[in-house]
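In: when you get a sec, could you give me coordinates for this:
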Amino acid sequence: MKLKVSLVLMIIVFNVQFKHIDASDTRLVNEVTSVLLNPDLQTIEIMGWAFIMDAQHYNNEQTHSYKLRLQSKNHTIEIYSKPYNISQTEVMSYYGSRRCYNNEYFIDASICNHDYNYVGFSFLVPVKDLRVNEDYSATIEVHAKQANIKKSVNLYYAEKNEVHLHADQKILKIESKLFDSKLKVMSNSVLVRKEPNKNAETLDSLSNCSPYKAHYKVNTIFNNILDKQIVRYNTYYQLKGRFSSCINQRSQVEAGNDLYPIWIASNFIERLGEPLTFKVRDYNTDPVITVSEHPVLYVGETFIPLKGVSAFDAEDGDLTSRIKISSNNYKDKPGVYQVEYNVTDSFRKKVTAIQNITVLKRNYPPSIIANDAIIEQYHAYDPYDFADAIDQHQTDISHKLVAKYTIQTSKIGAFRQCYEVIDDANLKSEACSKVEIVAGKKSFRFIHPTKIFYMEDIPIMWHNRLDIINEAITNDIVFNERKLSR
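Out: From the prediction side, this is the model:
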């Protein structure tokens with residue numbers, strides 16, 4: 001009787017331990033750790049890890065395989081990768097559970113732990129196979145050969161900044177939306193950690209729930225990812241949360257603002273949002289046509305098309321010799337005309353540029369620039385110091401100016417000064433300005449034994465008499481010296 005009871009208990013325990021998971025309920029977890037353009041500029045390497053949880057042991061290159069699928073609206077690319085020696089066994093191990101037997105498939109980790117070795121992948125995508133103006137979304141297929149199951153999911157690569165890769169005249173844009181991404185907790189046995197590390201301190205449950213550690217609430221969605229850190233091959237996401245309920249003597253943590261910072265490893269989540277997408281665009285730089293001058297000509301002068309016009313392309317170099325004239329309405333008559341140029345690079349990218357030509361009627365009258373003047377009383381005034389003239393050829397003809405009025409500076413007031421000039425074509429122009437005579441500034445005067453005006457301007461009224469005065473002073477000094485000497 002005792003033997004029969006023991007046998008029944010063993011059968012019950014055995015059945016409990018073999019807690020099977022339906023194959024359809026298994027989850028394919030993955031992480032893209034890097035997307036890089038190889039030095040040869042010919043291939044893009046997508047690296048990371050992936051496996052189907054709780055399905056089987058992953059121990060070598062023969063136990064499973066990987067396939068990448070890049071799918072656009074009009075094109076599909078499939079690439080295979082052998083498994084690489086990246087291990088997730090430690091991260092995935094459930095404390096207190098034994099190691100699964102080799103023939104135990106689809107067993108929950110709370111009963112036994114599977115090995116997750118050689119779960120790394122490295123896909124080499126030929127750049128030449130990517131078509132311009134196509135958007136390729138990436139999915140990965142994992143084939144667990146011993147458990148005889150295949151699963152496919154979208155790949156995600158949420159970075160803090162947008163990623164651009166340039167190769168083979170193509171630009172591959174990977175739109176990074178880390179802070180716009182969401183994640184969903186996919187397991188009920190994930191501890192809430194305070195740091196991004198497998199061995200980091202965990203959050204305690206509330207005292208009214210249990211003495212055990214707090215766990216993330218399964219199926220909880222976190223709408224705000226605050227940061228990410230990669231520790232070896234694992235990505236940890238920083239979140240904010242709060243205590244929600246007590247289930248199975250575990251405090252459950254869901255999205256909120258009370259608990260911060262808290263971290264969760266990517267192994268136990270499902271990402272929500274835009275998957276890894278390569279947006280392939282033409283990276284050929286448009287050529288540039290430079291028009292260095294827009295000539296101004298007079299009727300009868302020669303216009304030379306292409307003069308001062310050049311073209312350059314970042315890929316092809318100097319394209320000046322390839323410039324063509326698209327249209328030209330130039331005439332040797334007064335008016336404004338346009339010449340349109342075009343050039344095409346080796347990628348058949350065509351650009352255009354416009355050159356403006358202004359044709360002027362000959363014998364435009366000359367121009368006078370007459371400036372207003374302010375002169376102190378009794379100071380010299382030269383009207384030609386305040387005016388300039390140029391003709392239609394931009395030649396200085398100021399020497400031909402004629403001031404029409406004589407202004408005396410002895411009288412304070414505002415006066416009008418006018419000029420006229422006649423150019424070589426016998427065309428005349430006039431212009432006027434204002435001359436203001438103002439009282440001179442008062443200042444100390446310096447006395448010199450032999451000079452009447454010392455360290456000051458000579459008043460204009462004395463200019464013609466200065467020699468007579470100086471002569472009289474000199475003679476008087478000589479006479480006095482002789483008189484004293486006697």
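
In: and the strands in the stretch 1-150 of the chain?
Out: Along the stretch 1-150 of the chain, counting by DSSP state E, counting those that start in this stretch, strands occupy 28-37, 43-52, 64-71, 76-81, 98-99, 112-113, 120-126, 135-144, 149-154.

In: list phi and psi for the closest residue to residue 179 other than its chain neighbours.
Out: The shortest distance from residue 179 to any non-neighbouring residue, by CB to CB, 6 or more residues apart in numbering, is to residue 225 (6.4 Å). (Each C-beta comes from the backbone N, C-alpha and C, glycine too.) Residue 225 has phi and psi values of phi -100, psi 120 when expressed as degrees, to the nearest 10.

In: same question for the one 4 residues further on.
Out: The phi/psi pair for residue 229 (degrees, to the nearest 10) reads phi -140, psi 140.

In: equivalent analysis for residue 233, please.
Out: phi -100, psi 10.

In: okay, now the unreliable bits of the stretch 301-450 of the chain?
Out: Residues of the stretch 301-450 of the chain meeting the criterion pLDDT under 70: 442-450.

In: let me see the ranges of the strands in it.
Out: Under DSSP E, counting those that start in this stretch, the stretch 301-450 of the chain gives strands at 309-313, 317-318, 324-328, 335-344, 350-360, 367-370, 373-376, 387-390, 402-403, 413-422, 428-438.

In: among those, which is nearest residue 97?
Out: Closest approach to residue 97 among the strands of the stretch 301-450 of the chain is made by strand 309-313 (64.1 Å; CB to CB).

In: neighbours around the nearest residue in space to residue 272 that is not next to it in sequence, how many?
Out: Take residue 272 and drop its neighbours on the chain: the residue closest to it by CB to CB, 6+ apart is residue 182, 4.0 Å away. By other CB atoms under 10 Å, the residues close to residue 182 number 15.

In: residue 401 too?
Out: With neighbours defined by other CB under 10 Å, the count for residue 401 comes to 20.

In: and the residue nearest to residue 93 when sequence neighbours are not counted, what is it in contact with?
Out: With sequence-adjacent residues excluded and distances taken as CB to CB, 6+ apart, residue 93 is closest to residue 113, at 4.8 Å. Each residue near residue 113 by CB atoms under 8 Å, 6 or more residues apart in numbering is listed here: 89, 92-94, 97-100.

In: lowest average confidence across the strands of the stretch 1-150 of the chain, which one?
Out: Looking at the strands of the stretch 1-150 of the chain, the lowest mean pLDDT belongs to strand 28-37 (a mean of 91).

In: got the angle for it vs strand 64-71?
Out: Using axes from the mean of the first three to the mean of the last three CA atoms, to 10 degrees, the direction of strand 28-37 lies 60 degrees away from that of strand 64-71.

In: now strand 28-37 against strand 43-52, angle please.
Out: Using the same axes, to 10 degrees: strand 28-37 against strand 43-52 is 170 degrees.

In: give me the neighbour count for the closest residue to residue 180 other than its chain neighbours.
Out: Excluding the flanking residues, the one nearest residue 180 by CB to CB, 6+ apart is residue 273, at 6.4 Å. Residue 273 has 14 neighbouring residues, counting by other CB under 10 Å.

In: can you say which of the strands of the stretch 1-150 of the chain is packed in most?
Out: Neighbour counts (mean count of other CB atoms under 10 Å) averaged over each of the strands of the stretch 1-150 of the chain peak at strand 43-52, with a mean of 23.

In: quick one: stretch 366-374 to chain centroid distance?
Out: Its chain's C-alpha centre and that of stretch 366-374 lie 50 Å apart, by CA atoms, centre = their mean, to the nearest Å.

In: again with stretch 47-59
Out: The chain centre lies 39 Å from the centre of stretch 47-59; the measure is CA atoms, centre = their mean.

In: give me the neighbour count for the residue nearest to residue 179.
Out: By the measure other CB under 10 Å, the count of residues near residue 225 is 21.

In: pLDDT value on it, please?
Out: For residue 225, pLDDT reads 91.

In: quick one: it and residue 263, what's the gap?
Out: For residue 225, the distance to residue 263 (CB to CB, to the nearest Å) stands at 11 Å.

In: please identify every residue contacting each of those two.
Out: What both residue 225 and residue 263 touch, as defined by CB under 8 Å, 6+ apart, is the set 237-239.

In: quick check, nearest of these to residue 372?
Out: residue 238 (71.8 Å).

In: what's the closest non-adjacent residue to that closest one?
Out: residue 227 (4.0 Å).

In: surely residue 364 touches residue 394?
Out: No: the criterion here is CB atoms under 8 Å, and residue 364 misses it with residue 394 at 10.9 Å.

In: these two: which is more packed in?
Out: residue 364 (15 against 8).

In: mind listing what that one touches?
Out: Here residue 364 is in contact with 392, 427 (CB under 8 Å, 6+ apart).

In: and for residue 251?
Out: Residue 251 touches 204-206, 209-210, 214-215, 243, 245, counting by CB under 8 Å, 6+ apart.

In: tabulate those (TSV), appending pLDDT, distance to residue 81 and neighbour count.
Out: TSV is the format used below for the contacts of residue 251 (pLDDT from 0 to 100; distance: CB to CB, whole Å; neighbours: other CB atoms under 10 Å):
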residue	pLDDT	distance to residue 81	neighbour count
204	91	42	14
205	90	41	21
206	90	45	13
209	88	44	18
210	80	44	15
214	93	37	24
215	94	34	22
243	95	42	19
245	90	42	12
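
In: narrow those to those in strands?
Out: 215, 243, 245 (DSSP state E).

In: tell me the pLDDT of the nearest residue to residue 274 once chain neighbours are set aside.
Out: Among residues not flanking residue 274 along the chain, residue 177 sits closest, at 5.8 Å (CB to CB, 6+ apart). What the model reports as pLDDT for residue 177 is 72.

In: and residue 177, how many neighbours?
Out: Residue 177 is flanked by 16 other residues according to other CB under 10 Å.

In: how much space between it and residue 73?
Out: Look at residue 177 and residue 73: by CB to CB, they are 21 Å apart.

In: same thing with residue 368?
Out: In this view, residue 368 and residue 73 are 71 Å apart by CB to CB.

In: between those two, which one's more packed in?
Out: A count of neighbours by other CB under 10 Å puts residue 368 above the other of residue 368 and residue 73, at 21 against 8.

In: tell me which residue is most central in the chain.
Out: Taking CA atoms, centre = their mean, the centroid of the chain lies closest to residue 162, which sits 10.5 Å from it.
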